[in-house]
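Undergrad: Sequence and predicted structure below; questions after.
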Amino acid sequence: IPMRERVQVMQRFWDWKRENVLPEIMGEQGVDMWIVRSDEQPEYRQTSYAEGPFYTSLLPANHEGMVLPSQHDLEIPRFLVFYQQGETVEYIEPRDYGQIAELVRARDPQRIAIGQSDNDLMVEALGEHAARAIDSRTLGTRWLETMGPEQVSVYRYVQGVANDIIAEGFSNRVIVPDVTTVEDLNWWFRHKMLELGIEKENHPTIGIQRKPANIARYAGQDSPDFFHRGRSDNGMNPTIRRGDIVSLDSDVMLLGLVTDSHQHAYVLEEDEQDVPEELKEALRIVNRMQDRFAAEMRVGRTGREVVEAAELLAWEDSVIDTALGFHPPPMFLRRFTVNGLMFSRGTWVSGAASGPGYKQHRIVGHDHVVHANTLYAFEPHTRVAVPGWGDNGVELGIGQIAVVTEAGLRYLDRAQPGDGWHVIR
């Protein structure tokens, strides 16, 4: 997809949200005025750059992401005000705090959402209306996390692109057993995305799980120290051997979404024609556990409540340990000033998360409520006992993007269903 068209598609998402989502969530939160400052970025530490995603995403822009000129001879607006009357939301650009004070007195809003960092001047401008002010965090989080139907459809395509790239990387087109190393594969993924014109935020993480007998067998070539609890970590560079499980944690950045994929391949031994049945059954168990976890992602629960419900689920007999992990997928938006400066470079994460294991901050946390029409990187991790694989078994967490609807969680383009291993011959 040409870059110009990518920007147009992304901007179309946000234009739709301005018309459809903004009135809905302001009504949901009981807010009739939302004041957004251009300097609220300290509230959103998850962003890759010093920028505020509430402000950036709400800035008026044309169909190609070019920010419309300020009404007050500024490069970009200093303040954005959204005032709801009935089903319509009026946009106003105040010049300064003095004009905000005049606007608030004239409109007399009953509930005003404002940012909480360094807001003394805002509180002063609101005057007696400051008693009606609330933290804009929940409103802004709802704004960022709520997806339109076209967005969800396009993001299924993006997850499919990620799956296609992984399928190629986890094949004999790329991996030559006993020759290709972990770092060879890491850099193949990086270069493949470069060839496809796909942006990249993180370096892939590739690990090898190896049976104890094979750790001893290849000790002269690949140090046993590489395989803590039977698995290598990033920064190590063992050669990919027959009988290995190759695990990948990677992402692609496309059309505003950053995927978060965890998938696995098996390298056939010399005398094997297919993945051993015990490993196929291990993957079936992992997928059954994943579906049980998915059933607990219910609208109205907090992230903490989802995890508490998941912890009560029964485990299958061969499961060593299992845990539900989820977080909103990173997202991004490209915006440019009239002189061509791109000032929305980073990504943000906004919504409910599974717990303190994922970085918490102002707009992502386990106390946020799960809502319909929101996306999640859904990544349960399960270790299964498999004969020959030692006391630690094999860890086969599958990570992918899923959408939560009123009916529950739905995978956008499910990875490795059933016993669907990637196979290296």
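TA: Happy to help now that I have it.
Undergrad: Contacts only, for the closest residue in space to residue 365 that isn't next to it in sequence.
TA: With CB to CB, 6 or more residues apart in numbering as the criterion, residue 365 has its nearest non-adjacent residue at 6.1 Å, and that residue is residue 353. C-beta: built from backbone N, CA, C; applies to glycine. Counting by CB atoms under 8 Å, 6 or more residues apart in numbering, residue 353 makes contact with 303, 326-328, 360, 364-366, 368.
Undergrad: What distance do you get for residue 353 to residue 326?
TA: 7 Å (CB to CB, to the nearest Å).
Undergrad: hey, what's in contact with both of these two?
TA: With CB under 8 Å, 6+ apart, residue 353 and residue 326 have common neighbours residue 303.
Undergrad: ok, now how distant is the residue lying closest to residue 404 once chain neighbours are set aside from residue 116?
TA: Leaving aside its sequence neighbours, residue 404 sits nearest to residue 374 (CB to CB, 6+ apart; 5.2 Å). Distance, residue 374 to residue 116, by CB to CB: 23 Å.
Undergrad: Residue 367 too?
TA: From residue 367 to residue 116 the distance is 16 Å (CB to CB).
Undergrad: Tell me which of those two has more neighbours.
TA: residue 116 (16 against 11; other CB atoms under 10 Å).
Undergrad: you'd agree the more buried one is up against residue 137?
TA: Yes. The criterion here is CB atoms under 8 Å, and residue 116 meets it with residue 137 at 7.3 Å.
Undergrad: ok so, going back, spit out the contact partners of the residue nearest to residue 404.
TA: Neighbours of residue 374 in contact, by CB under 8 Å, 6+ apart: 145-147, 328, 351-352, 403-404.
Undergrad: 6 Å instead?
TA: Neighbouring residues of residue 374 by CB atoms under 6 Å, 6 or more residues apart in numbering: 145, 351, 404.
Undergrad: Find the nearest non-adjacent residue to the first one, please.
TA: Spatial nearest neighbour of residue 145, chain neighbours left out: residue 351 (4.1 Å); criterion: CB to CB, 6+ apart.
Undergrad: ok, and what's touching stretch 328-341?
TA: Residues contacting stretch 328-341 (CB under 6 Å, 6+ apart): 7, 56-57, 65-67, 69, 75, 256-258, 260, 342, 344, 347, 349-351, 375, 377, 401.
Undergrad: Which positions within it qualify as buried?
TA: 328-336 (16 or more other CB atoms under 10 Å).
Undergrad: again with stretch 147-166
TA: Quick answer for stretch 147-166 (16+ other CB under 10 Å): 147-148, 151-152, 154-155, 158-159, 161-163, 165-166.
Undergrad: Filter the contacts of stretch 328-341 down to just the ones in strands.
TA: Counting by DSSP state E, the part of the contacts of stretch 328-341 found in strands is 257-258, 347, 351, 375, 377, 401.
Undergrad: With respect to pLDDT, which of those ranks lowest?
TA: When the ones in strands among the contacts of stretch 328-341 are sorted by pLDDT, the bottom entry is residue 347 at 81.
Undergrad: gap between the residue lying closest to it once chain neighbours are set aside and residue 414?
TA: Once flanking residues are discounted, residue 347 sits nearest to residue 330: 4.0 Å by CB to CB, 6+ apart. As defined by CB to CB, residue 330 lies at a distance of 21 Å from residue 414.
Undergrad: Please apply the same query to residue 307.
TA: 22 Å.
Undergrad: And for residue 188?
TA: In terms of CB to CB, residue 188 sits 24 Å off from residue 414.
Undergrad: Tell me which of those two has more neighbours.
TA: The neighbour comparison of residue 188 against residue 414 (other CB under 10 Å) goes to residue 188, with 19 against 16.
Undergrad: just to revisit the earlier point, pLDDT score for the residue nearest to residue 347?
TA: pLDDT at residue 330 comes out at 89.
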